[in-house]
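Asks: What follows is a protein structure lacking sequence information:
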C-alpha cells in the first residue's frame, strides 16, 4: 500500500530543546477524503493532548498546492493549551511541511 489510509497509526518521537527532552506522540488516520482533498488524524489515547488535526489541499494554480493545516486540541492543563502547545505545535507543523517539501523536491529531481 502506498500513501495514507484510514486506520494507519503513526508513532513519532519529537525532539524538544535540541533533543534534551523527547516527546513520544502517536496518532491514527481517521479520514482520507479524496473529493475534499482532506486528511484527518486523531491523537491516540495516552498522549498529553487529545484532538484532531486536518490537512486539506487546494489547487493554487501554476502546478502549486496550498495546504491548510488546522489543529483542534485539549489537554488537562489550560496553561499548556494556551501557552505551551500553540507555539510548539506551530514549529513542529512548519518543520513537518518543510521536510515534506524537501522530499517532494528530491523526488521531482529523480523523475
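Replies: Happy to help now that I have it. Everything numeric here is computed off the predicted structure, so don't read it as measured data.

Asks: which helix is the longest one in the chain?
Replies: The longest helix of the chain (DSSP state H) is helix 85-110.

Asks: for this protein, what spans make up the strands?
Replies: Assigned by DSSP state E, the chain shows strands spanning 9-16, 21-33, 38-43, 49-61, 64-75.

Asks: Compute the first-to-last residue distance for stretch 34-42.
Replies: 18 Å (Cα to Cα, to the nearest Å).

Asks: pLDDT on it, on average?
Replies: Averaging pLDDT along stretch 34-42 yields 94.

Asks: how far is it from where the chain is centred?
Replies: Relative to its chain's centre, stretch 34-42 lies at 12 Å (Cα atoms, centre = their mean, to the nearest Å).

Asks: now what about it, what contacts it?
Replies: Residues outside stretch 34-42 that contact it (Cβ atoms under 8 Å, 6 or more residues apart in numbering): 4, 10, 27-33, 50-58. Quick note: C-beta positions are derived from backbone N, CA and C, even for glycine.

Asks: what packs against the longest helix of the chain?
Replies: strand 64-75 (3 or more Cβ pairs under 8 Å, 6 or more residues apart in numbering; DSSP states H and E).

Asks: For the strand it packs on, name the packing helices and strands.
Replies: The contact analysis (3+ Cβ pairs under 8 Å, 6+ apart) places strand 64-75 against strand 49-61, helix 85-110.

Asks: any idea which of the ones you listed scores lowest on pLDDT?
Replies: helix 85-110 has the lowest average pLDDT among the helices and strands packed on strand 64-75, namely a mean of 76.

Asks: Is there a quick PyMOL command that grabs whichever of the contacts of stretch 34-42 are buried?
Replies: Remark: buried members of these, expressed as a PyMOL selection using 16 or more other Cβ atoms under 10 Å:
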select buried, resi 27+29+32+51+53+54+55
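
Asks: For the residue most central in space within the chain, which non-adjacent residue is closest in space?
Replies: Closest to where the C-alpha atoms of the chain average out (Cα atoms, centre = their mean) is residue 93, at 5.9 Å. Distances taken as Cβ to Cβ, 6 or more residues apart in numbering place residue 69 nearest to residue 93, at 5.5 Å, with adjacent residues excluded.
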